[in-house]
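> pasting the structure only:
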Ligand SMILES: Cc1ncc(COP(=O)(O)O)c(C=O)c1O
């Protein structure tokens, strides 16, 4: 009944990442109404600085009321549908992007294409760069949504670059070469390598050496580099953030071929905490890419109302400076709270300096060193402990036992409850001995969950992926 593409399973909907979100929906935690419900720690949302945005909105009613100097601009905005976007908005966006990068790089609004979030920006860019059946290299672990965003409708294949815990999941030249060769053996033409910097799910920024290595690799193989920098404004600790464009410029590559093969994807979903506003963009020094991506952007424009509101907000430099600084401070505090809470439960995290999540090492809680054991542990944490976290398999991690845990989408009190639950769980696990069946009095809801179709389906698709 459906088209082959619509029914193809490359969307990744059956991954434990998406299934965890669905299970959560059945009984979301609420301190008052549902205190035994599931706490959502699988969503990379930033709710820590909403008060700052709300305060700006209260002080600037004209922007929300679609007015300029007291006069309505409603009619103008209601009719505006130019797919190049509002010039004032694009000017503010490039200034904001530069500010996040410490004004070390300048961006030209002519090289910017707006899209409905980074989701749409990534797909559009891949559609422009690669043909069906061609490949992109992606370092693992990677954001679970990429299977949907990069592969599903474009028909492009993802070839993982296997990174390992032995060096903190850093990208090495060897791992890049190995992935490239694997693609060639599969007769897949490699069109580019896509990174997330800062990394989702690792919560780390890439070093200059890593970026240089990547650029050198892209020069050698004559391929594109796509840097998804949606978390660039969340860097809250040393070492700071270096954009791919800054690294390339510092090597004086502006007048070389590779300059036109470097592209950035960005959005306001994470740094400003506005995923519902659907504001994303592609930045590229390649005129042809910009021109075809602009044509394609008709499929995912940003509403002129949103552009108007945000161009006013971003034009207020005092506000953006205060927001960036305060937001990073709050993220740092939150992250520390999570790390110390997990430590009390005997659980360590990868050292990170960015993002809205931690990459958490629970290998010691596995009954054995296999992905089935990871799924088993994940089900317990979801259904018995009541925390929705994302197992490493959903991020295509090659080592079982790692989990992504988000910390910026809940209140301080909720995080405290989550930390208490995980501590109790770790204690119970060590008492009963890892691997023994878990004897806890589950609420009838959780018991039902464990035997429901939802959970039975859980992550068999992740495992299939790992075994491939
Ligand atoms: C690395 C990465 N890219 C893109 C996205 C999608 O962002 P958006 O909400 O702007 O579509 C996400 C969302 O979590 C992400 O983590």
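That came in fine, so what should we check first? As the structure is a computational prediction, the values presented were derived from the model and not from experiment. Numbering: from 1, shown residues only.

> Now for the closest residue to the ligand within the stretch 1-150 of the chain: which residues touch it?
Across the stretch 1-150 of the chain, no residue is closer to the ligand than residue 117, which sits at 2.8 Å (Cβ to the nearest ligand atom). Quick note: C-beta positions are derived from backbone N, CA and C, even for glycine. Going by Cβ atoms under 8 Å, 6 or more residues apart in numbering, residue 117 touches 267, 269, 275, 278-280, 300.

> Out of the residues you listed, which are close to the ligand?
Residues of these in contact with the ligand (Cβ under 6 Å from any ligand atom): 267, 269, 275, 280.

> Just list the residues touching the last one, thanks.
Counting by Cβ under 8 Å, 6+ apart, residue 280 touches 114-121, 230, 265-269, 302.

> Ramachandran angles for it?
Dihedral pair for residue 280: phi -130, psi 170, per degrees, to the nearest 10.

> what do you get for the first one?
The main-chain torsion angles of residue 267 are listed as degrees, to the nearest 10 and equal phi -160, psi 170.

> That one: what's it in contact with?
With Cβ under 8 Å, 6+ apart, residue 267 has these contacts: 117-118, 121, 230, 275, 279-281.

> Closest one to residue 105 out of the residues you listed, please.
Taking Cβ to Cβ as the measure, residue 105 lies nearest residue 281 of the contacts of residue 267, at 15.0 Å.

> State the number of residues packed around residue 378.
27 (other Cβ atoms under 10 Å).

> Regarding it, what is its secondary structure?
helix (DSSP: H, G, I helix; E, B strand; the rest coil).

> ok, it touching residue 388?
No - assessed by Cβ atoms under 8 Å, residue 378 is found out of contact with residue 388, at 9.4 Å.

> Now the common contact residues for these two.
Taking Cβ under 8 Å, 6+ apart as the criterion, residue 378 and residue 388 both touch residue 20.

> Out of the contacts of residue 117, which comes closest to residue 208?
Each of the contacts of residue 117 was checked against residue 208 using Cβ to Cβ; the closest is residue 267, at 24.4 Å.

> about what we covered before: ok, of the contacts of residue 280, which come out buried?
114-121, 230, 265-269, 302 (16 or more other Cβ atoms under 10 Å).

> Model confidence for residue 8, exactly?
The per-residue pLDDT reported for residue 8 equals 77.

> Which residue, neighbours along the chain excluded, lies closest to it?
Closest residue to residue 8 apart from its sequence neighbours, by Cβ to Cβ, 6 or more residues apart in numbering: residue 152 at 7.0 Å.

> So which of the contacts of residue 267 are in helices?
Secondary structure from DSSP state H places 117-118, 121 of those in helices.

> Could I get the buried residue list for stretch 99-119?
The neighbour-count check on stretch 99-119 (16+ other Cβ under 10 Å) flags 100-101, 105, 107, 109, 111-119 as buried.

> Between the two ends of it, how far is it?
Counting by Cα to Cα, to the nearest Å, you get 23 Å between the two ends of stretch 99-119.

> ok now do the closest residue to residue 120 other than its chain neighbours, which residues does it touch?
Excluding the flanking residues, the one nearest residue 120 by Cβ to Cβ, 6+ apart is residue 300, at 3.7 Å. For residue 300, the contacting residues are 115-117, 120, 124, 278, by Cβ under 8 Å, 6+ apart.

> can you list the residues of the stretch 201-350 of the chain near the ligand?
Contact residues, the stretch 201-350 of the chain versus the ligand (Cβ under 6 Å from any ligand atom): 228, 230, 267, 269, 275, 280.

> In these, find the pair that's most separated.
Maximum pairwise distance among those (Cβ to Cβ): 14.6 Å, between 228 and 275.

> Settle it for me: which of these two has more neighbours?
Between residue 228 and residue 275, residue 228 has the larger neighbour count (other Cβ under 10 Å), namely 27 against 20.

> Could I get the contacting residues of that one?
By Cβ under 8 Å, 6+ apart, the contact set of residue 228 is 118, 122, 143, 194-197, 264-265.

> From the residues you listed, which land in strands?
When the contacts of residue 228 are checked against strands (DSSP state E), the matches are 194-196, 264-265.

> could the residues you listed be laid out in a markdown table, adding pLDDT?
Below are the ones in strands among the contacts of residue 228 laid out as a markdown table (pLDDT from 0 to 100):
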| residue | pLDDT |
| --- | --- |
| 194 | 98 |
| 195 | 98 |
| 196 | 98 |
| 264 | 98 |
| 265 | 98 |
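
> Just the buried residues out of those residues, in PyMOL syntax.
Remark: buried members of the ones in strands among the contacts of residue 228, expressed as a PyMOL selection using 16+ other Cβ under 10 Å:
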select buried, resi 194+195+196+264+265
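
> ok, so of the ones in strands among the contacts of residue 228, who is nearest the ligand?
The ligand lies nearest to residue 196 out of the ones in strands among the contacts of residue 228, by Cβ to the nearest ligand atom, at 4.2 Å.

> Name the nearest residue to the closest one, sequence neighbours excluded.
The shortest distance from residue 196 to any non-neighbouring residue, by Cβ to Cβ, 6+ apart, is to residue 228 (4.5 Å).

> how does the chain divide up, domain by domain?
As assigned by automatic domain parsing, the chain contains the domains 4-51+321-467, 61-315.

> Can you tell me the element the closest residue to residue 60 other than its chain neighbours falls in?
Spatial nearest neighbour of residue 60, excluding adjacent residues (Cβ to Cβ, 6+ apart): residue 312 at 6.4 Å. According to DSSP states H and E, residue 312 maps onto helix 304-315.
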